[in-house]
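K.L.:
got a sequence here, can you model it:
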Amino acid sequence: MFTNGIGVHAPVNEVRWANTGDEKNQYLYSCSAFSFKIAYAYYPAPSRPDHIVTVTIDNKPVDSFILRANTRGSLMENKYSFADYGTAYGPHSISLKIVNANPSDSNNADSHINIIEPKLICRDQLSSFEQAKPKAGPSQPAPSPAPTSDPVATPTAVTKFVSDEPFIDEQNGYGPIERDTNIGDRAAGDGTGPVRIGGIAYDKGLGMHSDGQVSIDLAGRCSRFQSDVGIDDTAGDNGSVTFRVLGDGVLLTDTGTLRGTDAARQLDVDVATVTKLTLEVTHAGDNWDWDHASWGGARLTCAA
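P.N.:
Reported below is the predicted structural model:
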């Protein structure tokens, strides 16, 4: 048991709380959210690789993010409301998986990781798992049955990958926009492999070339757009582009100039009021040579 956190060494197949039959699983009937922080134990550590953290609630992956090797980690609180992924109140199970971001790289030197202050947000405000544990003994009352429905219906949230969505319109500086592969030559589907930025491969994403843009219809049902962006590894140290995200023609964010020598940039954009989302890549004011622009893991959080 713990109150402040646990230490692990990556890779970690699963850190799991609330297994079926566990006493905390019963307590989770009265809890509505889960939060934690995560960080590397040692910094700096030049030989350490990047890692991907996957959060699973009730056996369904709900989030995935990268711990950058050249940073301390994510000391901001990561919070997940159970109502976004099903019913507001339990029982629920929670697990974290931590793996090397580059599947072909077995190096995990200096990969000591701290899971800090994992908490449950509950009806009686007990926070840590140690505090939330029911007291043992025969006098313990049986847990209340799970409510059959929430007092107020809450729409569930789902993750949608941009590469799986129909395009309203698209244009690309060289060949077609590629779904889930890097940009290739002039033919569709001729990319040489997955989108890869800074040595990190992404199963989902878009391969583009400046000047290019693609638009999708959100119909006002999505709340966030997230992606890692950068020059694809196929360009080496070459290329220079600017990534832009527009909502209904209005600029929401841009990266400024990114070059082949730059690490991936993380985008997290509020699109709650957006109907038409446009992802755009420009040639950053110089030329179009080697402008292999990749959107790694481009995804939306939307109502089901």
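K.L.:
quote the end-to-end distance of stretch 243-256.
P.N.:
For stretch 243-256, the first-to-last residue distance is 7 Å (CA to CA, to the nearest Å).
K.L.:
apologies, that question was intended for stretch 218-236.
P.N.:
34 Å.
K.L.:
pLDDT of that stretch, averaged?
P.N.:
Regarding stretch 218-236, the rounded mean pLDDT is 93.
K.L.:
distance from the chain centre to that stretch, please.
P.N.:
Here stretch 218-236 is found 11 Å from its chain centre; the criterion is CA atoms, centre = their mean, to the nearest Å.
K.L.:
may I see the buried residues of that stretch?
P.N.:
For stretch 218-236, burial by neighbour count (16 or more other CB atoms under 10 Å) applies to 218, 221-223, 225-235. In this view, the C-beta of every residue, glycine as well, is placed from N, C-alpha and C.
K.L.:
what do you get for stretch 109-120?
P.N.:
Neighbour-count burial for stretch 109-120 [16+ other CB under 10 Å]: 110, 111, 113, 114, 115, 116, 117, 118, 119, 120.
K.L.:
for that stretch, what is the distance to the chain centroid?
P.N.:
Counting by CA atoms, centre = their mean, stretch 109-120 comes out at 17 Å from the chain centroid.
K.L.:
next: stretch 248-264.
P.N.:
The answer for stretch 248-264 is 18 Å, by CA atoms, centre = their mean.
K.L.:
now do the same end-to-end measure for it.
P.N.:
First residue to last in stretch 248-264 (CA to CA) measures 26 Å.
K.L.:
which residues are contacting that stretch?
P.N.:
66, 68, 70, 197-198, 200, 228-231, 235-246, 265, 267, 269-271, 274-276, 278, 284-285, 290, 296 (CB atoms under 8 Å, 6 or more residues apart in numbering).
K.L.:
now those: which count as buried?
P.N.:
Among the contacts of stretch 248-264, those buried by neighbour count (16+ other CB under 10 Å) are 66, 68, 197-198, 200, 228-231, 235, 239-246, 267, 269, 271, 274, 278, 284, 290, 296.
K.L.:
that older thread, so which of the buried residues of stretch 109-120 are in helices?
P.N.:
Secondary structure assignment by DSSP state H places none of the buried residues of stretch 109-120 in helices.
K.L.:
tabulate the residues you listed (a markdown table), appending pLDDT and distance to residue 207.
P.N.:
Supplementary listing: the buried residues of stretch 109-120 in a markdown table, determined by pLDDT from 0 to 100; distance: CB to CB, whole Å:
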| residue | pLDDT | distance to residue 207 |
| --- | --- | --- |
| 110 | 79 | 32 |
| 111 | 84 | 30 |
| 113 | 86 | 31 |
| 114 | 84 | 36 |
| 115 | 85 | 34 |
| 116 | 82 | 36 |
| 117 | 78 | 39 |
| 118 | 81 | 37 |
| 119 | 77 | 39 |
| 120 | 73 | 41 |
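K.L.:
let's have the residues you listed in TSV, adding distance to residue 45.
P.N.:
Formatted as TSV, those follow (distance: CB to CB, whole Å):
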residue	distance to residue 45
110	4
111	8
113	11
114	13
115	18
116	18
117	22
118	23
119	27
120	31
